[in-house]
Structures are given as C-alpha cells and as structure tokens.
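K.L.:
coordinates only, no sequence provided:
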C-alpha cells in the first residue's frame, strides 16, 4: 500500500535549507495559508510577478486576491479560483495538487452557512432501515475523519443495458488522527437479488462485510494498510463486477451519494458500441431538495461514452441518466 503524507516529491525546491525545510513541513500538514505563504517565499517571486506569470497562462487574478489567500482572509473555492490555484502551483514550482489538497471541504455559503448537523451515512438512501442494519455490523468511525479530495467512478454498461462493472478511484485525506478504513455502500435498487463481486483493490484490503441479498445492498470495510495521522492522504481503488450476462438492470442511470462534500468528482459512463443511448443527461440533487435542480445534456464521445465533472459538490446526489433509442 502507498500512502502519501502530504506530498513526497519535494526535490523541486532549490533554495536555502531553512526555507526548504519549512515548505516541506507545511505542504505535508498545512494549513493552506501558511503553506502558500512559504511557497511564495521559496519561489523568490513577488505577488506582481506571480500575477504576471499567471496572466501568461490565461489566468486573470488580482494581487489583492493572492494576498488574501496567503493571509487566510479568503481561500479559493469557486471553480475558476480552483483552476487558478492549479496554475499557481505550477508557477510556484510545487507538485500538482500540493496546495489544493490542503484546502479540505469547501466552506458553506449563504443559507447553508448556518450550523447544521452532519448527515447520517444512510440519510440519502431510500431504503434507510435496511442500510442502517447493515452499517451497524461494520466500523463507520473513520468516515467523518476523512476529507473527500477526489473521486473517479467509471461505469461500464453492457449491450443488454445492464451494469457490467464499476471502477472507483478515491483520494482521501485524514482530517483527524485515527482514520483507518473507508466504508463502501453499494445499493442496486433496480436489480434486486444481485450482489457484485468486489475486487481489484489497490492500497486497501477488505475487512468486514454485510450483505442484504434480497435488497441487493452491499456494505464493506476497505481497510488501509496503516492508521492515518492528520494530514496523511491515501489513494485507493476498487472494482465491483458482475461476471457474466445477463447483467443486472441499471435503471438507465448511475449516481453517487455524498453525505460530505467532495472537492472533485469525475463520473464516466461507457456504453457498448453495439448499443448506444439516444440521450444522456447529468443531474444533481442537493441534500434537502426533492428533485434534480441542475441538469445538463451530455454528448457521446467517439468511444461510446460520456463523462461529467463536479467541483465542490455535496452533500447530495450526483449522477448521469440516459434514454435508449425508440425501437
């Protein structure tokens, strides 16, 4: 298992040892304003020069904003600000995502800025009682200790319209000491009586599992190689596969439920070339709302798939649905 405590490739620093030591430590533990300030100091660039170099990359940002970011008065949260931060990392010569990883979940704004309790793990599922029973048989104590930095889901839809497989890659960051596992929940409401095979694990192993075969709900602990300290990150992968046709009905949709915000979510749906959908649509349902509030039509790529990206999403449900051609 490979667990990165912050970022290990720090050979980019070409400055005095004291500056390098300070920057290495801050990129590993944060907080974000201190790490950004140290990166700027190490780069030997003024804010004006940084602004100029970002401008050469097509990024427009004020010196005041850069100053606010390094002082902690503001932080990048909007999609355009996160894009600017990615270019800023390159200008400052730090590894990709070195600063982004220190941001943690986006701060709530407006109506959502009022204190609210964290949603229970089963809150966004329709069959809550059945799921709650399964969750009681595994250890869920690490869930609130893990920040969701990045998640990538790839769904393979077979020629019969069923779901062949789901591949998942996640980047998680410990917000507190003691996180040692991720709890996977897979619920196939459209295909009762089918449980996928869990395999192709990377940087984790299967712990306790709980299954409701009648309802097609699988809960499994994916245990890390070691207990994480605050600031440690882990990259993990796994795959859920239905080994042979006929494949379980997909319900012409796939969605991911987030009870805590995710900084970046990528969802791909790949279709068999022999049967392509007539229409695909991205949708999102923020927690507490009855139906989708954000929809966008998606165009198939030449390989027979679609994808969508969500930045700073959650809590809520994000997915892709599709319609087959009329016969």
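P.N.:
Everything's here; your move. Fair warning: this is a prediction, and the values are worked out from it, not measured in the lab.

K.L.:
next, the distance between the ends of stretch 53-69.
P.N.:
Stretch 53-69 has an end-to-end distance of 17 Å (criterion: Cα to Cα, to the nearest Å).

K.L.:
quick one: contacts for residue 65?
P.N.:
Neighbour list for residue 65: residue 74 [criterion: Cβ atoms under 8 Å, 6 or more residues apart in numbering]. C-beta here means a position set from N, CA and C on the backbone, and glycine is covered the same way.

K.L.:
spell out the residue ranges of the strands in this structure.
P.N.:
Listed in chain order, the strands found in the chain under DSSP state E are 3-5, 146-157, 163-174, 181-187, 197-202, 205-212, 217-223, 232-241, 253-258, 262-271, 279-286, 294-298, 305-313, 316-323.

K.L.:
with distance to residue 62, mean neighbour count and mean pLDDT as extra columns, can I get the ones you listed in TSV?
P.N.:
Converted to TSV, the strands of the chain look like this (distance: least, Cβ to Cβ, whole Å; neighbours: other Cβ atoms under 10 Å; pLDDT from 0 to 100):
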stretch	distance to residue 62	mean neighbour count	mean pLDDT
strand 3-5	33	16	29
strand 146-157	27	21	95
strand 163-174	29	21	95
strand 181-187	39	20	94
strand 197-202	41	13	95
strand 205-212	48	15	95
strand 217-223	43	21	95
strand 232-241	31	20	95
strand 253-258	32	19	94
strand 262-271	23	21	95
strand 279-286	30	18	92
strand 294-298	29	12	86
strand 305-313	21	18	92
strand 316-323	32	20	94
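
K.L.:
outline the domain layout of the chain.
P.N.:
By the record's domain assignment, the chain is partitioned as 3-102, 128-323 (automatic domain parsing).

K.L.:
picking that back up, nearest to residue 24 among the strands of the chain would be which one?
P.N.:
Closest of those to residue 24 is strand 3-5, at 10.6 Å (criterion: Cβ to Cβ).

K.L.:
dump the strands of the chain into a markdown table; add distance to residue 55 as well.
P.N.:
Output for those, formatted as a markdown table (distance: least, Cβ to Cβ, whole Å):
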| stretch | distance to residue 55 |
| --- | --- |
| strand 3-5 | 32 |
| strand 146-157 | 28 |
| strand 163-174 | 30 |
| strand 181-187 | 41 |
| strand 197-202 | 40 |
| strand 205-212 | 48 |
| strand 217-223 | 44 |
| strand 232-241 | 31 |
| strand 253-258 | 35 |
| strand 262-271 | 25 |
| strand 279-286 | 32 |
| strand 294-298 | 30 |
| strand 305-313 | 23 |
| strand 316-323 | 33 |
